[in-house]
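K.L.:
Return atomic coordinates for the entry below.
(2 chains, ligands or ions: 2)
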Amino acid sequence: MIPFDFDYYKPSSVEEAVRLFESLRQQGKQPMYFSGGTEIITFGRLDYLYTNAVIDIKGISKCQMMTFKGENLYLGAAVSLSEIEEANLFPLLTKTSSEVADHTARTKVTLGGNICGKIFYREAVLPFLVSESEVVIASREGEETRPILDVFQKSLQLEEGECLVQLVTNKKMIEAANISIKRRRQWDTGYPVITVVGIKVDGQLRVAISGLCSFPFRAKEMEPFLNDTKRPLEERVSLAIRHVPAEVLHDSEASSDYRMFVLKNTLLDVFEGLEMEEVR
Amino acid sequence: MTKVAVTLNVNGEESEVLIRPADTLLDVLRENLGLTGSKPGCLNGDCGACTVIVGKKPMKSCLMLAIEAVDQNVTTIEGLTDATVQRAFVEHFAFQCGYCTPGFIMNVHSLKENHPEADGETIKSWMDSNICRCTGYEEIEAAVKSVLYGGQEHHKR
Ligand code: FES
Ligand code: FES
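P.N.:
Ligands and ions are numbered 1, 2, ... in the order given. Got it, this is the predicted structure:
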């Protein structure tokens, strides 16, 4: 049982949702946007988070969008991961998000919820980081479209009251050769040690990684080494992994040394997998 | 504590219930509606013992607020009467203590409704959502396969 009470609101438009958030704040409440709500429910039960008003965004059609408009794919923040898998409009995202939790849970976990979540894997963001997608964010001032690489710094940097509405990805990125590799310590289930996602755009490899540090990231510092075709592959990977942007996690799932070992091998597999993808 | 009155449609019947918006669907099914077939296990979305069907999809009822189920059709194990999957579990002895069984059955029933021709990979992906503490997986697998592919084993196709 969740040990505290909250009021529940289900607005039907983005404007209504952000207005509601603001007015609840003015009343001294602690509102939270609620998409799949799985973290609010499970963390709430454990008293890891508190809210006294939730604003369910699943009734907002913009947040449920899953469609191509012109050259871009619009995916709403409240679309569930299982809906994304079934529609399969963005195969790299399908591949990456189909490894989150389990199938039944993914009927509830949403794209926005996974990306904005507290659990540090947040794998669903990786395909958007390599695709350099844009995010549509709503606030009192209206909606704004910003590059994800500006807004996602360790986590999605939203101001209080701002709401993630959609992710917008260019078709060219969706069609680029891509790969997503998830390495777990054992078995097929359980938390991953690391997830690496790669795409090749104009001959250049772009990589994003989760599970290695305490946040998912686009490996911008590592990419020049990975793309340095003058050197042999092993050397490129060895140089690249010296440029991991933050401290490598060391916990009960895996030691930092083991994570680095897995990273090196996974990067080699990324190259191999992409070569095969390109041949196809 | 502020309670709200909502109407839930469970197993084809509409019931008005007085709930806290913070109540999970699992709690309301068990405590307010007396439908104790959905089992509390981990309460964290990990075990699948609480699985029900919402709309046409399997749902871990510990991961859903009851208030989110308003305007949706909820089916619990009590809503299945002599379904093929139930019979298959009996015929294949696919349970020991039985605690995980309602959750498994609801998931398999939904799989069958959504993908009657599911391939091995789809079956595996769906079934990974449930855990059997008694580890009766072989019997469960046999029961699942008997209701998909029109009862034929996957490798025969
Ligand atoms: S009790 Fe719901 S998944 Fe375990
Ligand atoms: S039969 Fe006992 S938990 Fe599955």
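
K.L.:
Doesn't A:Arg242 lie inside a helix?
P.N.:
Yes. Counting by DSSP: H, G, I helix; E, B strand; the rest coil, A:Arg242 falls inside a helix.

K.L.:
quick one: it from A:Phe225, how far?
P.N.:
8 Å (C-beta to C-beta, to the nearest Å). (C-beta placed from N, C-alpha, C; glycine too.)

K.L.:
more neighbours, the two?
P.N.:
A:Phe225 (18 against 10; other C-beta atoms under 10 Å in any protein chain shown).

K.L.:
Could you check how far the helix or strand harbouring the more buried one is from the centre of its chain?
P.N.:
Secondary structure from DSSP states H and E places A:Phe225 in helix A:223-226. How far helix A:223-226 lies from its chain's middle: 22 Å, per C-alpha atoms, centre = their mean, to the nearest Å.

K.L.:
And for it, what's in contact with it?
P.N.:
With C-beta atoms under 8 Å, 6 or more residues apart in numbering or on different chains as the test, helix A:223-226 has contacts from A:Gln204, A:Leu205, A:Arg206, A:Val207, A:Ala219, A:Arg236, A:Val237, A:Leu239, A:Ala240, A:His243, A:Leu267.

K.L.:
from those, which ones fall inside helices?
P.N.:
Counting by DSSP state H, the contacts of helix A:223-226 place A:Arg236, A:Val237, A:Leu239, A:Ala240, A:Leu267 in helices.

K.L.:
And the pLDDT at the third one?
P.N.:
Pointing back at A:Leu239 there. pLDDT, A:Leu239: 97.

K.L.:
quick one, what contacts it?
P.N.:
By C-beta under 8 Å, 6+ apart, A:Leu239 lies in contact with A:Phe225, A:Asp228, A:Arg231.

K.L.:
Direction included, what does the strand ranked longest in chain A pair up with?
P.N.:
The longest strand of chain A (DSSP state E) is strand A:192-201. Applying DSSP bridges, strand A:192-201 is found paired with strand A:177-184 (antiparallel), strand A:204-210 (antiparallel).

K.L.:
Buried ones in the last one, by neighbour count?
P.N.:
Looking back up the chat, that one is strand A:204-210. Buried residues in strand A:204-210, defined by neighbour count with 16 or more other C-beta atoms under 10 Å in any protein chain shown: A:Leu205, A:Arg206, A:Val207, A:Ala208, A:Ile209, A:Ser210.

K.L.:
closest to A:Tyr48 among these?
P.N.:
A:Ser210 (20.6 Å; C-beta to C-beta).

K.L.:
measure the closest residue to that closest one other than its chain neighbours to ligand 2 for me?
P.N.:
Nearest non-adjacent residue to A:Ser210, counting by C-beta to C-beta, 6 or more residues apart in numbering or on different chains: A:Pro216, 3.7 Å away. Remark: distance between A:Pro216 and ligand 2 (C-beta to the nearest ligand atom, to the nearest Å) = 35 Å.

K.L.:
Based on its surroundings, how many neighbours for A:Pro216?
P.N.:
Around A:Pro216 there are 24 other residues, counting by other C-beta under 10 Å.

K.L.:
check contacts around it.
P.N.:
By C-beta under 8 Å, 6+ apart, A:Pro216 lies in contact with A:Phe120, A:Tyr121, A:Arg122, A:Glu123, A:Val125, A:Leu126, A:Leu129, A:Ala208, A:Ile209, A:Ser210.

K.L.:
Select only the buried ones of these in ChimeraX?
P.N.:
To isolate the buried members of the contacts of A:Pro216 in ChimeraX, using 16+ other C-beta under 10 Å:
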select /A:121,122,123,125,126,129,208,209,210
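
K.L.:
ok, now which ones touch the nearest residue to A:Pro11 once chain neighbours are set aside?
P.N.:
Excluding its sequence neighbours, the residue lying closest to A:Pro11 (C-beta to C-beta, 6+ apart) is A:Ala17, at 4.4 Å. By C-beta under 8 Å, 6+ apart, the contact set of A:Ala17 is A:Pro11, A:Tyr33, A:Ile55, A:Ile57, A:Ile60, A:Ala138, A:Cys163.

K.L.:
check which helix or strand covers A:Ala17.
P.N.:
Short version, using DSSP H and E: A:Ala17 is in helix A:14-26.

K.L.:
Buried residues, that helix. List them.
P.N.:
A:Val14, A:Ala17, A:Val18, A:Leu20, A:Phe21, A:Leu24.

K.L.:
mind checking how far stretch B:15-33 is from the chain centre?
P.N.:
With C-alpha atoms, centre = their mean, you get 17 Å for stretch B:15-33.

K.L.:
quick one: it near chain A?
P.N.:
Yes. Stretch B:15-33 comes into contact with chain A (C-beta under 8 Å from any C-beta of the partner chain), by way of B:Arg20, B:Pro21, B:Ala22, B:Asp23, B:Thr24, B:Asp27.

K.L.:
mean confidence score for that stretch?
P.N.:
98.
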